[in-house]
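Q: need a 3D model of the sequence below.
(2 chains, ligands or ions: 2)
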There are 2 protein chains.
Amino acid sequence: MAKNLTTREEDYSKWYNELVVKADLAENSGVRGCMVIKPYGFAIWERIQAELDRMFKETGHQNAYFPLFIPKSYFSKEASHVDGFAKECAVVTHYRLKNAEDGSGIVVDESAKLEEELIVRPTSETIIWDTYRKWVQSYRDLPLLINQWANVVRWEMRTRLFLRTTEFLWQEGHTAHATKQEALVEAEQMMNVYSDFVENYMAVPVVRGTKTESERFAGALETYCIEALMQDGKALQAGTSHFLGQNFAKAFDVKFANKEGKQEYVWATSWGVSTRLMGALIMTHSDDNGLVLPPNLAPDQVVIVPIYRNDEQFDAVCEVSEKLMKDLRSQGVRVKFDKRDTHKPGWKFNEYELKGVPLRIGIGPKDVEKGTVELARRDTLTKEFVDAVDVVSKVKELLEEIQSNLYKKAFDYRAEHTTEVQSYEEFKDVLETKGGFISAHWDGTIETEERIKNETKATIRCIPIEGDTTPGTCIFSGKPSERRVLFAKAY
Amino acid sequence: MAKNLTTREEDYSKWYNELVVKADLAENSGVRGCMVIKPYGFAIWERIQAELDRMFKETGHQNAYFPLFIPKSYFSKEASHVDGFAKECAVVTHYRLKNAEDGSGIVVDESAKLEEELIVRPTSETIIWDTYRKWVQSYRDLPLLINQWANVVRWEMRTRLFLRTTEFLWQEGHTAHATKQEALVEAEQMMNVYSDFVENYMAVPVVRGTKTESERFAGALETYCIEALMQDGKALQAGTSHFLGQNFAKAFDVKFANKEGKQEYVWATSWGVSTRLMGALIMTHSDDNGLVLPPNLAPDQVVIVPIYRNDEQFDAVCEVSEKLMKDLRSQGVRVKFDKRDTHKPGWKFNEYELKGVPLRIGIGPKDVEKGTVELARRDTLTKEFVDAVDVVSKVKELLEEIQSNLYKKAFDYRAEHTTEVQSYEEFKDVLETKGGFISAHWDGTIETEERIKNETKATIRCIPIEGDTTPGTCIFSGKPSERRVLFAKAY
Ligand SMILES: [Zn+2]
Ligand SMILES: [Zn+2]
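A: Ligands and ions are numbered 1, 2, ... in the order given. Alright, predicted model coming up:
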């Protein structure tokens, strides 16, 4: 295990790419744009899934599963949706291969051409609303509060592990409601579930807000989002929740009889987060030594590494280590005891630093003698000797401390890198020299938004829910502005 | 909720199809051969997943994720595998759609044709072994014990919900080992994990065995399987575990340096179960009133239905019900309290019978007065009044009793429908009149197996691991037979 990471200072993008591979999180596959999520990376994703799934269920949602394939014609039914999603996608045209007549291998069997092409889902609104039509007749059938964990495919020309891949994993919630108000409450609730999760488990502070019209999901009337800030000053959209109005109900003819027996169209929301969260997690906390994981999501919160020179020492150290492992586990701590004899302690120290395990415990023959252990924190890289009798309580205390320390560090970074500007000159200057979020007045037009984007590459990340709502003057056009919005360059 | 199920006697196949839809388990989608797994059906699948995932992890496996798409050329690398899997499959040929020039909708963009077609994975050996080549250099990297939960696609012409669908959900384990012996032990271990799960959680007895050469997985040297018997006398293969030898290692050039530094090919296994298990679960226990679920897998083990005529009664019944729900939950019982006022008690009784909830508790005003509740068992359809103070312990006792009763019933059915035959006449007679498993002597040749299959539609389900190993005479050819094997018509 060679570490030798490129530093963030040298090349942030290269640092990220190397880290993802060296920490055994993911790698590129033989299929262009598709990644392999390695066991260690997948274990983190499973932790993310488990906590989110619990939160979805606690808010009344159920899981279900809908087809991977969507008939091409479904996309044409919702006008704005087709432009947003039905373009760069994987198209299934045939359903059979055969041996080539010249013996050169296998070829597509042209006689097995589909009458209608199937699209590998880029998102499932169309197939789900086609199903909801059969499920909803009366107000008694509402609300439908359904979530799906699935793989989706969007054909991307430039891909990066976790951040933008052709195939990715996600969850997509799709709910149906009797009233507009109820759907709006749901969409906002799910934004809050996402921000709770991202802040409390991932230790990543987020800005909650709504998207401008041009940045909204194709088919949505309102898109709620949470935006995080990475260490290079670029923003990352960590989750979105859409109020879809009656667009999909009208496109797929989903009506219900209300209490008075009158037919009405159903109101919709959809909301999702994806393996992109892995990118946000990695980029927010990690350093030039490798990954740094918040304890609440670390597959292993603690690793115990035995130090020994001979069998006798090994036995003594093992006995103490195994007891400690048991004690920690009984307190709900996720702990790994790495007693492999194929690797030396120094190699292991390096490995777990690279993999971001929050706490490392080293136990050697002297520790056994003195009744101590060495405790090393990944976030601060500090070490201390602790009395063996105090280890369990110390570990629990430190795990909480690390969790809040990581959040605080990211929060402070974001505070330092959020700037209120008064002019377009200042805007461009801050964007170039400092980056981060820029709070600025905007006249509310798509045209201004577009021109700022073309000139600076900064986009409006969101109209923050909390924040300055004083009117002012647009930095670009000089026209009146209702309130400040948040700009940034973004992933 | 109209029940009116076709009975098993009338038409077993129709009974199954209706039950799956009426019990809200799954339904056909707008995409030919692809199903929608509805929330209730998916909740059962989640229970299956949770228990299996725990068992895989307890035996040292980790989860990971590999691409949905496999380049066509990968399939040609393992000769027997290509014939088995690369034929009836979904082929992605293009990666873009565009608006039709005549404004008629969206069409495939012919300029976005892939250089090499991508196959939607029917199984992942090829893409995974292409990855393992990068992960394995030394004996220190072995074993790799990896599992993937995923969707797969096999283009089926005739489909049935859960039993055979174009897209289905499954898990596929793929392990890599330094020695043949270790790989064989792994393959056998996973067959045993499957049989433990299916017998103890699904309450479905299985026969463990190995497949004959012609029934083996494409590319396997040995296929271990578990076979269950449905109520119509047909067998269902519930899980398979394959010893793949060095076939995939050779096809994808996966070698390791052994302790002596010599290069060797890696040994492989793969193993899987799918949403087909849902079919086995449904068909084994259910009756003409609907689904019957074993308590160990039921999403709701107990449902409480309040009975009342006015608000005052509702309040009194609710108070008792909610306390009972809390008490049961604190004992780890999965319980639902259905206090919807949109449906009457009779409707709810019917609904939960159809949905197979193991225990139903009815509480009315008289029960509140007398300190009793009515307890109804789904498996036996019996009811009894129980003192409220004894309910929790009674429920726990009954849940265990129902679990073992369902297993016993299925076990007895299988015992009655397993027949040892001495001649081909008897074989055909039993097959026609009684069905079930038939234990018969077979000469070991593919030719005899094939001819029996063509004449009777019965196949060799397995060579049982436990069972009669006395030599004899083949019922078909009269040639010597090493031992009896198990025949049946199968799903
Ligand atoms: Zn800075
Ligand atoms: Zn019978």
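
Q: for whichever residue of the stretch 351-491 of chain A sits closest to chain B, helix, strand, or coil?
A: Closest approach between the stretch 351-491 of chain A and chain B, counting by C-beta to the nearest C-beta: A:Glu351, at 12.7 Å. C-beta here means a position set from N, CA and C on the backbone, and glycine is covered the same way. Following DSSP: H, G, I helix; E, B strand; the rest coil, A:Glu351 is assigned to helix.

Q: quick check, A:Ala220 in contact with A:His242.
A: Yes. The criterion here is C-beta atoms under 8 Å, and A:Ala220 meets it with A:His242 at 3.9 Å.

Q: which neighbours do these two share?
A: Residues within reach of A:Ala220 and of A:His242 at once, by C-beta atoms under 8 Å, 6 or more residues apart in numbering or on different chains, are A:Ser270.

Q: more crowded one of those two?
A: Between A:Ala220 and A:His242, counted using other C-beta atoms under 10 Å in any protein chain shown, A:His242 has the larger neighbour count: 28 against 25.

Q: mind telling me which residue of the stretch 301-450 of chain A is nearest chain B?
A: For the stretch 301-450 of chain A, C-beta to the nearest C-beta, closest residue to chain B: A:Thr342, 4.7 Å.

Q: which of the three states applies to that residue?
A: The local conformation at A:Thr342, judged by three-state DSSP, is coil.

Q: and it, what's its pLDDT?
A: Looking at A:Thr342, its pLDDT is 88.

Q: that one contacts B:Arg140, doesn't it?
A: Yes. Contact criterion C-beta under 8 Å: A:Thr342 and B:Arg140 qualify, at 4.7 Å.

Q: which one's more surrounded, these two?
A: More neighbours surround B:Arg140 than the other of A:Thr342 and B:Arg140, with 13 against 9 (other C-beta under 10 Å).

Q: re the thing from before, mind listing what the residue of the stretch 301-450 of chain A closest to chain B touches?
A: Listed by C-beta under 8 Å, 6+ apart, the contact set of A:Thr342 reads B:Arg140.

Q: the one 3 residues further on now?
A: Neighbouring residues of A:Pro345 by C-beta under 8 Å, 6+ apart: A:305-307, A:362.

Q: and with 6 Å instead?
A: For A:Pro345, the contact set (C-beta atoms under 6 Å, 6 or more residues apart in numbering or on different chains) comprises A:305, A:307.

Q: which SS state does the residue in the stretch 151-300 of chain A positioned nearest to chain B fall under?
A: Nearest residue of the stretch 151-300 of chain A to chain B: A:Trp155, at 4.3 Å (C-beta to the nearest C-beta). Assigned with three-state DSSP, A:Trp155 falls in the coil class.

Q: now do A:Ile226
A: Under the three-state scheme (three-state DSSP), A:Ile226 adopts strand.

Q: burial of it, as a residue count?
A: Neighbourhood size, A:Ile226 [other C-beta under 10 Å]: 27.

Q: now do the contacts for it.
A: With contact set as C-beta under 6 Å, 6+ apart, A:Ile226 has these partners: A:194-195, A:206, A:208, A:238-239.

Q: from the residues you listed, which land in strands?
A: Judged by DSSP state E, those include A:208, A:238-239 as members of strands.

Q: could you chop chain A up by domain?
A: Following automatic domain parsing, chain A resolves into domains at A:12-69+A:123-285, A:302-397, A:418-488.

Q: got CSV for the ones in strands among the contacts of A:Ile226, with neighbour count and distance to chain B too?
A: Below are those laid out as CSV (neighbours: other C-beta atoms under 10 Å in any protein chain shown; distance: C-beta to the nearest C-beta, whole Å):
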residue, neighbour count, distance to chain B
A:Arg208, 20, 29
A:Ala238, 25, 20
A:Gly239, 28, 20
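
Q: pipe those into TSV and attach pLDDT per row.
A: As requested, the ones in strands among the contacts of A:Ile226 are exported to TSV (pLDDT from 0 to 100):
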residue	pLDDT
A:Arg208	98
A:Ala238	97
A:Gly239	97
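
Q: what sits against the residue of the stretch 151-300 of chain A closest to chain B?
A: Contacts of A:Trp155 by C-beta under 6 Å, 6+ apart are A:88-89, A:166, B:95.

Q: just send these back as a markdown table, with pLDDT and secondary structure too.
A: Formatted as a markdown table, those follow (pLDDT from 0 to 100; DSSP: H, G, I helix; E, B strand; the rest coil):
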| residue | pLDDT | secondary structure |
| --- | --- | --- |
| A:Glu88 | 90 | coil |
| A:Cys89 | 94 | coil |
| A:Thr166 | 97 | coil |
| B:Tyr95 | 95 | coil |
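
Q: between those, which is closest to A:Ala50?
A: Nearest to A:Ala50 out of those is A:Thr166 (C-beta to C-beta; 26.0 Å).

Q: just say which of the domains of chain A is most tucked in.
A: domain A:12-69+A:123-285 (a mean of 21; mean count of other C-beta atoms under 10 Å in any protein chain shown).

Q: straight-line length of that domain, end to end?
A: 13 Å (C-alpha to C-alpha, to the nearest Å).

Q: with just CA atoms, put stretch A:384-402 into PDB.
A: Extracted C-alpha coordinates of stretch A:384-402, given in PDB (Å, rounded to 0.1, in the frame of the first residue of the first chain):
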ATOM      1  CA  GLU A 384      -2.400   9.600  23.500                       C
ATOM      2  CA  PHE A 385      -1.900   6.700  26.000                       C
ATOM      3  CA  VAL A 386      -5.000   5.800  27.900                       C
ATOM      4  CA  ASP A 387      -5.500   3.400  30.900                       C
ATOM      5  CA  ALA A 388      -7.000   0.200  29.700                       C
ATOM      6  CA  VAL A 389      -9.800   0.500  32.200                       C
ATOM      7  CA  ASP A 390     -10.900   3.800  30.700                       C
ATOM      8  CA  VAL A 391     -10.700   2.900  27.000                       C
ATOM      9  CA  VAL A 392     -14.300   2.100  26.400                       C
ATOM     10  CA  SER A 393     -15.700   5.300  27.800                       C
ATOM     11  CA  LYS A 394     -12.800   7.300  26.200                       C
ATOM     12  CA  VAL A 395     -13.600   5.800  22.800                       C
ATOM     13  CA  LYS A 396     -17.300   6.700  23.000                       C
ATOM     14  CA  GLU A 397     -16.400  10.200  24.100                       C
ATOM     15  CA  LEU A 398     -13.900  10.600  21.300                       C
ATOM     16  CA  LEU A 399     -16.200   9.300  18.600                       C
ATOM     17  CA  GLU A 400     -18.700  12.000  19.500                       C
ATOM     18  CA  GLU A 401     -16.000  14.600  19.700                       C
ATOM     19  CA  ILE A 402     -14.700  13.600  16.200                       C
END
